[in-house]
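Student: got a predicted model here, sequence first, then my questions.
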Amino acid sequence: MSRELIVYPDKRLRQKSARVVKFDDGLGALLEDMNLAMIEHNGVGLAAIQIGEPLRAFVVNIANEEGERLPENLMEFINPEIVKAEEEILWNEGCLSIPEFTEEVIRFTKITLKYQDRRGKPFVIEAEGLLAIAFQHEIDHLDGKLFVDRLPLLKRKKFEKEWKKNLKANAKP
Ligand SMILES: [Zn+2]
């Protein structure tokens, strides 16, 4: 059993996560828990706050051509910072914390990211497409933002309506 996944509109999703300063076993254990939760819920990425830890860390695992997410393709990002963003694109996004809802949002298709690994070693990575989108989506989580916050007003209202309807439907015995 993995740790509880925090779901919209839980206020914890709104808090700004703090920088990681301790690169110890506790961080390693947290990253394992995040990976487990991501696998259990079949997600592309997961930020620490989604399992209740307000720390600037996220994991990503992009499926291969066969659609499998292999353990060796797991990537961990600590204290990530976008240093370059290029070319806007409309991308159909979803979020483990907002189940069963997808909508198009404007993102950048090329991202250069500065980050640290679980030992605190600094790296820079350039990404395109899904991985670049995942970076932006997960960093939003670290800043207390959700992809629905990026929707134009009408689409945002449509989302709130659908969400309430689903809650009612699920509440029925
Ligand atoms: Zn998300």
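Tutor: Received, thanks.
Student: what's near enough to touch the nearest residue to residue 86 once chain neighbours are set aside?
Tutor: Excluding its sequence neighbours, the residue lying closest to residue 86 (Cβ to Cβ, 6 or more residues apart in numbering) is residue 110, at 4.2 Å. Heads up, the C-betas are built off the backbone N, CA and C, glycines and all. Contacts of residue 110 were listed using Cβ atoms under 8 Å, 6 or more residues apart in numbering, and they are 84, 85, 86, 87, 126, 127, 128, 132.
Student: highest neighbour count among these?
Tutor: Neighbours here mean other Cβ atoms under 10 Å. Within the contacts of residue 110, the largest count is held by residue 132, at 25 neighbours.
Student: quick one: the residue positioned nearest the centre of the chain from residue 68, how far?
Tutor: A centroid search over the chain (Cα atoms, centre = their mean) returns residue 138, at 3.3 Å, as the residue closest to the centre. If you measure residue 138 against residue 68 using Cβ to Cβ, to the nearest Å, the figure is 21 Å.
Student: one more: residue 133?
Tutor: Per Cβ to Cβ, residue 133 is found 20 Å from residue 68.
Student: mind listing what's buried along the longest helix seen in the chain?
Tutor: Longest helix of the chain, by residue count under DSSP state H: helix 153-171. Using 16 or more other Cβ atoms under 10 Å as the burial criterion, the residues of helix 153-171 that qualify are 159, 163.
Student: which other helices and strands does it contact?
Tutor: If you count contacts as 3 or more Cβ pairs under 8 Å, 6 or more residues apart in numbering; DSSP states H and E, helix 153-171 packs onto strand 98-116.
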